[in-house]
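Trainee: generate coordinates for the sequence data below:
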Amino acid sequence: MSYWSADENMIQVGEETVSIPAEFGNSYIVGDTSRKVSFDVPDSIQFFSGKDSYLQFDATINAPAALSTRLQLDQAGAGMLVQNLRIYDSSRGRLIEEINDYNQIVAIMSDYDTDDSKRGVRSLEQGGTVYTSRCSGQFGNTKSQMADIHTNPWFKEQDNTTKGDGANPPVPIYDNTTQQNTVRCCVPIHSGVFSGKVYPNMLTGLYIEIDLIRAPAVVRQLDSVVSQRRRTLNPVIVAAGPLAGPAVQLPWAAGDASDVTEVFIEKSNGYDEVEDCPFVVGEIIGFQAQGTANAPLATLTTAAAVAISGARITKIDLNNGSLGDGVNRIRLTIDDGAGGAVRRGAVTDITAPAVGRFSIVSVSASTATAANARVSYTVDNLNLIIHEMKMDQAYVNTLLSSARENGSVSFDIHSVTNHKQAITATERQAAVQVFANNSRAKSIIVVPADSSVYSNQNMISSSVSYAETEDSADVILRSARPGVSGVCDGLSQYQWQIDNKLVPSRPVDTIKTGSKQSISAFHIYELEKALSNAGIAPRSFREFQRNFLISRALGVNNGVHDLRNKDVTLLLQYAHPNVEPTVGKLFSSFVFHIRRLTIRDGGVEVTH
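Mentor: Reported below is the predicted structural model:
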């Protein structure tokens, strides 16, 4: 047997980019169910650079006409569209790599291997979104990467004419088909085969299968309009009244029978001009106390006292200082959904900002019917772009001769395998087994994801998902990635049992992270080591709470550990004195390791 590696003896004489279309057509519409796409990379492409190869496609977000609200893809970009990845040899009989829940790896990399430069690159190449100061708040909310309405790649920026400047005919309702953008995406592939400098494809050939994730798992409303994510970033109501005559100042008293046809937005959070308004014509809005996490929506009715889910925006313009103070504010003209005026229901007054701010929130998605929440995305011109490297023919002949003389050729790739286990929300002590049997394991990174099942409406609006934080900054921040990002959920400590030994020697305390108010330093130290050993540069820990990970580095100084015939168990304790676990969890235990490919008699043997 001979061992092959990309070394200085390789003489490159040329290179070119090869575009391989998807096997069964290059256009797909993905809705409530996932779709499989496949690519055949023939062995006539002898060598290629995996790190310089990528998926290329055009993506658009589709929504029913009745769902009037801006929609975007997950902030990490189009890499989140890949749910599962399988790579076979050219015979399609030998599985070289399989990564289930691949999008969780993408989320980990986008949250931890990140900085401003990398976020900018993902925005340009993959349709990711970034924080912009023009769409920031002034009430202490954390930075949002899903609030950009001016340079967001997924929809067009609207000007005064589009939103309504008082002209006739009446302003049209926001239409996703008209306002959507087509985004050209170039998505790298995070796998062993595609992570190295050179892959000897002439020895194996490749057949690649990709499962595209269902649309509701990745399509979201903006943070600046939804109720349960950074409510301090939402517009604030400052006045309400009739279209004709001076506006009525707040409070808008509970049970008030006055007809209201317009509301005015406070000049805060940068909402100064019409194009700064995050809402669109046709969007259904409600009103909610800004500073209370579980505050109910203010009840609204028609003039006939029939309860409605919210008021419909019919026009957005800049008023002419009609509040009597000479200040021009954004004005939302509203109706009850059928052309009539809106009245207040019972229970709570909508107060003036000086007394207690009331945020304006979108309920277009959260109160939509199942039919009106059937979002989808379209993938067009889907191609696998291979960066082919042409080597000196003498080197190719030497490699083939070595394979014939020694009987086989072997080489290593860095890969990852996902092992899954689940626990219920009521379990306080849990032992999660990781059925790894790798001879050269590098690290284990566990994603304890929320296993709850949510409706499309709740997924799009993030209205009832796991609460990542509850504080004065964001009021409440619910997860925009249920089932993908890890949740702490009151975890107080964890420890590993590997080969009947407890490691580290004392449990890793996470009680401060579990309180959602602080950070547990030892947990971050362990995570930094594991990420580094897995080949993921730990550049940022800003998302430690919003994508909580449990980890263990298995080798010293970037080394490896033999897990064959050894038990690996994660011992968990949910005993936080002030936090009750709220959701069931599905643990994705990603074991990063080195695997060896041995080519013998035209076949491929994979040694984990």
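
Trainee: from here on, just use CA atoms for contacts and neighbour counts.
Mentor: Fine.

Trainee: which parts of the stretch 401-550 of the chain are helices?
Mentor: 456-461, 511-514, 521-533 (DSSP state H, counting those that start in this stretch).

Trainee: need the pLDDT of residue 245.
Mentor: For residue 245, the pLDDT comes out at 59.

Trainee: name the residue closest to the centre of the chain, please.
Mentor: residue 74 (3.8 Å; Cα atoms, centre = their mean).

Trainee: was I right to think it contacts residue 216?
Mentor: No: with contact defined as Cα atoms under 8 Å, residue 74 does not reach residue 216; the gap is 10.4 Å.

Trainee: identify the residues contacting the closest residue to residue 21 other than its chain neighbours.
Mentor: Take residue 21 and drop its neighbours on the chain: the residue closest to it by Cα to Cα, 6 or more residues apart in numbering is residue 383, 4.3 Å away. For residue 383, the contact set (Cα atoms under 8 Å, 6 or more residues apart in numbering) comprises 19, 20, 21, 22, 26, 55, 56, 57.

Trainee: chain center to the helix or strand residue 383 falls within: distance?
Mentor: Element membership of residue 383 [criterion: DSSP states H and E] is strand 376-391. Distance of strand 376-391 from the chain centroid (Cα atoms, centre = their mean, to the nearest Å) equals 22 Å.

Trainee: how close does the residue nearest to residue 21 sit to residue 16?
Mentor: Separation of residue 383 from residue 16 (Cα to Cα, to the nearest Å): 15 Å.

Trainee: run through the residues that contact residue 56.
Mentor: By Cα under 8 Å, 6+ apart, the neighbours of residue 56 are 184, 185, 186, 187, 381, 382, 383, 384, 385.

Trainee: okay if I get those as JSON lines plus distance to residue 48 and pLDDT?
Mentor: Formatted as JSON lines, those follow (distance: Cα to Cα, whole Å; pLDDT from 0 to 100):
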{"residue": "184", "distance to residue 48": "23", "pLDDT": "97"}
{"residue": "185", "distance to residue 48": "21", "pLDDT": "97"}
{"residue": "186", "distance to residue 48": "17", "pLDDT": "97"}
{"residue": "187", "distance to residue 48": "17", "pLDDT": "97"}
{"residue": "381", "distance to residue 48": "22", "pLDDT": "96"}
{"residue": "382", "distance to residue 48": "19", "pLDDT": "97"}
{"residue": "383", "distance to residue 48": "16", "pLDDT": "97"}
{"residue": "384", "distance to residue 48": "12", "pLDDT": "97"}
{"residue": "385", "distance to residue 48": "10", "pLDDT": "97"}
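
Trainee: adding distance to residue 487, write those residues out as a markdown table.
Mentor: Formatted as a markdown table, those follow (distance: Cα to Cα, whole Å):
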| residue | distance to residue 487 |
| --- | --- |
| 184 | 32 |
| 185 | 29 |
| 186 | 30 |
| 187 | 26 |
| 381 | 36 |
| 382 | 34 |
| 383 | 35 |
| 384 | 34 |
| 385 | 35 |
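
Trainee: just name the closest of those residues to residue 566, please.
Mentor: residue 187 (36.7 Å; Cα to Cα).

Trainee: Provide the secondary structure category for that closest one.
Mentor: Three-state call for residue 187 (DSSP: H, G, I helix; E, B strand; the rest coil): strand.

Trainee: so it makes contact with residue 127?
Mentor: No: counting by Cα under 8 Å, residue 187 does not reach residue 127; the two are 9.4 Å apart.

Trainee: neighbour count for the two, which is higher?
Mentor: residue 127 (28 against 23; other Cα atoms under 10 Å).
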